[in-house]
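# next one to model:
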Amino acid sequence: MPADLPITDERPREHRAGAWVVLVMGLIGLGLGIYQWRASFRAAFVSQVSAFKTPEQIEQEQIEAMKTKDTDGDTLNDFEETYVYKTSPYLSDSDSDELPDNEELKAGEDPNCPKGKNCIESGVAVTLSPQAEVASSTAQIEEDAMRQLLNPTPAQIRALLMQNGVKESDLSGIDDATLVTLYQQSLQEVQANADKNSN
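Down below sits the predicted model:
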């Protein structure tokens, strides 16, 4: 019986060198592929995030655009007409008395009241600067909202509770006086917690 030949794992050096080259090229290709995929994946998210704007940002951009636009061509920009003078940004003569809004403002007249008519409901004429008028209306809105929050009607309390998931059948057994008392107690607890947290 012939002698067994020794088993060796020796291959020609060229084969081993070729295998190493293929392995290294494969790893480089895999690394480049992952890098490219990661870069494109990140770019997709970055472009989406940069395109996203909050409602406040959108509103601010719209307000800034209104400050540079005069839709009706009466030299008052759309922002002033909408928020300061309460005139129409689409009509150069908001009260249709044949005098443009800007001319009425220069003359100290109300551009929302036709010439020759008395549009003051209270009978007391009050002239405010546009800035004071905006500040006054904002303060009035805040005051009205606070009054409404502190003294809602029983119907408003019921509507608020139902909007927040309380069943109407659960509320039907509570009379209005008890409901208002419970609401006032809840407000006091919220205020006490807010005071404690601020200290």
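
# from here on, contacts and neighbour counts on C-alpha atoms
Noted.

# any low-confidence regions in the chain?
1-15, 41, 43-52, 120-142, 144-146, 148-149, 198-199 (pLDDT under 70).

# which parts of it are strands?
Assigned by DSSP state E, the chain shows no strands.

# per the record, what domains does it have?
As recorded under automatic domain parsing, the domains making up the chain are 56-127, 151-198.

# redo those domains as a markdown table? Include distance to residue 38 and mean neighbour count.
Formatted as a markdown table, the domains of the chain follow (distance: least, C-alpha to C-alpha, whole Å; neighbours: other C-alpha atoms under 10 Å):
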| stretch | distance to residue 38 | mean neighbour count |
| --- | --- | --- |
| domain 56-127 | 30 | 15 |
| domain 151-198 | 44 | 12 |
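
# dump those to JSON lines, plus distance to residue 36.
Shown next, in JSON lines, are the domains of the chain (distance: least, C-alpha to C-alpha, whole Å):
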{"stretch": "domain 56-127", "distance to residue 36": "33"}
{"stretch": "domain 151-198", "distance to residue 36": "49"}
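
# and residue 86, how far is that from residue 112?
8 Å (C-alpha to C-alpha, to the nearest Å).

# quick one: which of the domains of the chain is nearest residue 16?
domain 56-127 (62.6 Å; C-alpha to C-alpha).

# return the distance of that closest one from the chain's centre.
Computed by C-alpha atoms, centre = their mean, to the nearest Å, the separation of domain 56-127 from the middle of its chain amounts to 26 Å.

# with stretch 26-39 instead?
Distance of stretch 26-39 from its chain centroid, counting by C-alpha atoms, centre = their mean, is 40 Å.

# just the CA trace of that stretch, in PDB.
Coordinates of each C-alpha in stretch 26-39 appear next as PDB, following Å, rounded to 0.1, in the frame of the first residue of the first chain:
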ATOM      1  CA  GLY A  26     -15.300  43.600  -1.000                       C
ATOM      2  CA  LEU A  27     -14.900  45.200   2.400                       C
ATOM      3  CA  ILE A  28     -14.000  48.600   0.800                       C
ATOM      4  CA  GLY A  29     -17.100  48.300  -1.500                       C
ATOM      5  CA  LEU A  30     -19.300  47.500   1.500                       C
ATOM      6  CA  GLY A  31     -17.900  50.400   3.500                       C
ATOM      7  CA  LEU A  32     -18.400  52.800   0.700                       C
ATOM      8  CA  GLY A  33     -21.900  51.500   0.100                       C
ATOM      9  CA  ILE A  34     -22.800  51.900   3.800                       C
ATOM     10  CA  TYR A  35     -21.300  55.400   3.900                       C
ATOM     11  CA  GLN A  36     -23.200  56.500   0.700                       C
ATOM     12  CA  TRP A  37     -26.500  55.000   2.100                       C
ATOM     13  CA  ARG A  38     -26.000  56.700   5.400                       C
ATOM     14  CA  ALA A  39     -25.300  60.100   3.700                       C
END
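
# list the buried residues for that stretch?
Within stretch 26-39, no residue counts as buried by 16 or more other C-alpha atoms under 10 Å.

# closest to the centroid, which residue in the protein?
The chain has residue 55 as the residue nearest its centroid, 2.4 Å off, counting by C-alpha atoms, centre = their mean.

# give me the distance between that residue and residue 61.
Relative to residue 61, and taking C-alpha to C-alpha, residue 55 is found at 10 Å.
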